[in-house]
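>>> sequence and predicted structure are below.
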Amino acid sequence: MRVSTAMIYNNGTTGFQDRASELLQIQSQLASGKRVVSPSDDPIAAATALVVTQAKNVNAQWTTNQGTATDALGTIDTTLSSVSDLISYIKQRAIQAGNGSLNSSDMQSIATDLSARFDQMMGLANTNDPQGGFLFGGYRTNSQPFVGTESSGVTYLGDQGSRSIQVSETRVIPTSNSGNDVFVNIPGVNGSFTTAAAATNTSQATIDGGSVTGNYSGDNYQINFTSATTYDIVDSTSGTTVSSGNAYASGTQIAFGGIQVSVQGTPATGDSFSVTSGGSTDVFSTIKDLIGALQNDSGSALTTKVNQAMDRLDKSLDNVLRVRASVGSRINEVQSLGNMGSQADVQYQTTISRLVDLDYASASSQLAQKQTALQASQQAFVQTTGLSLFKYIGGA
């Protein structure tokens, strides 16, 4: 085989370039800290690492969503804590109002204080969420959910929706509660119906919350007093008279339709009391009625209305605590999912590191080997290109 000078140079250059390329590859790995710098370095490891990286990125999005959910639920919990404290305070004032030693001036002072607390409750009901929308408006986050005043009454303009966010592959967490659920749709004293005195009544007679004693049909009723000692019972739903000319005595139980109620005081002729199916009330009307009683009633009528208000406040507080317990359980669930996500993130990172990260000890050893090989290649190239027959001829 003829060995030409061109072949010597070509082979030497190729060997030199191969050694330099191998050294450059090791240097790139050391600089990046990655064993797989490009997919061609290890196609299987690169493809697997890509799949794991995508799963890790999805897990990071769940973590972001969990943070958003935690912030929203934390705002609800903080607000509900303030609401429960406020209801407890109002109940304390109602207990004070039940003290028989207080005079009308004291009652007016309590009423004035409760008017301010009414406004405070309105402020809490119209709290903003972390995104600037209304916390208790349901899906209608851009409009104020509760409008009205103490004198005119409060109306809920939100809807019944509950906003949610997906916090894991399989779990969607509600991150809001509607104002209707928190402030409006509060179970009544007996849970089946509510009682009220007609606005046109001229006496100070009052009616208690009543109770279910049998198979209550859910109809609405009216107790109409034809005199101070007699009354009729009318089924407002069907428009029929249940009974008439019934004898009345203050404080005795009036039973009909599977329920019973008690009227206290001396009614005036034409006074009436309603029994309305549904059994729910709202916290604003409870405070409003209590303020009205403190301003306008006295004696046994005031005592009865204060007791009714305290019963309704208890129900309002129970309802807030129920909602808050639900919020707390959701916060705990999100935190649990966050812990699981953190563990998964560590596992994903460990897998990716195992697939593509560099073993520095091994790479440092290979770097020394490649440098030695390159130097040897360079020296061999120099020695080879220096060979010539003329040297041997001249030497001879």
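Sure thing, it's come through. As the structure is a computational prediction, the values presented were derived from the model and not from experiment.
>>> starting at the chain centroid, how far to the helix or strand harbouring I291?
Here I291 sits within helix 283-296, counting by DSSP states H and E. From the chain centre to the centre of helix 283-296 is a distance of 31 Å (CA atoms, centre = their mean, to the nearest Å).
>>> show the subsequent helix or strand relative to that helix.
helix 299-356.
>>> just checking, what packs against that next one?
Packed against helix 299-356 by the contact rule (3 or more CB pairs under 8 Å, 6 or more residues apart in numbering; DSSP states H and E) you find helix 43-97, strand 172-174, strand 186-187, strand 206-207, strand 259-264, strand 280-281, helix 283-296. For the C-beta atoms, the positions are set from N, CA and C on the backbone; glycine is no exception.
>>> out of those, which gets nearest to N220?
Nearest to N220, of all those, is strand 259-264, at 11.3 Å by CB to CB.
>>> redo the helices and strands packed on helix 299-356 as CSV? Include distance to T149.
CSV is the format used below for the helices and strands packed on helix 299-356 (distance: least, CB to CB, whole Å):
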stretch, distance to T149
helix 43-97, 17
strand 172-174, 31
strand 186-187, 20
strand 206-207, 25
strand 259-264, 30
strand 280-281, 18
helix 283-296, 9
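>>> out of these, nearest to T112?
helix 283-296 (8.8 Å).
>>> so what touches the closest one?
Residues from elsewhere that reach helix 283-296 (CB atoms under 8 Å, 6 or more residues apart in numbering): 87, 90, 94, 97, 107-108, 110-111, 114-115, 117-118, 121-122, 146, 148, 150, 153-154, 183-184, 186, 301-302, 305-306, 308-309, 312-313, 316.
>>> same deal with stretch 186-196?
207-212, 216, 218, 259, 261, 273-283, 308, 311-312, 315-316, 318-319.
>>> and that stretch, which residues are buried?
Within stretch 186-196, the residues scored as buried using 16 or more other CB atoms under 10 Å are 186-190, 192-195.
>>> only C-alpha atoms, please: export it in PDB.
Provided in PDB are the C-alpha atoms of stretch 186-196 (Å, rounded to 0.1, in the frame of the first residue of the first chain):
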ATOM      1  CA  ILE A 186     -80.200  30.700  57.600                       C
ATOM      2  CA  PRO A 187     -82.300  27.900  59.100                       C
ATOM      3  CA  GLY A 188     -85.100  29.300  61.300                       C
ATOM      4  CA  VAL A 189     -85.500  28.400  65.000                       C
ATOM      5  CA  ASN A 190     -87.400  25.200  64.200                       C
ATOM      6  CA  GLY A 191     -85.900  24.600  60.700                       C
ATOM      7  CA  SER A 192     -89.300  24.200  59.000                       C
ATOM      8  CA  PHE A 193     -91.100  27.600  59.200                       C
ATOM      9  CA  THR A 194     -90.700  31.100  60.400                       C
ATOM     10  CA  THR A 195     -93.200  33.300  62.400                       C
ATOM     11  CA  ALA A 196     -93.800  37.000  62.300                       C
END
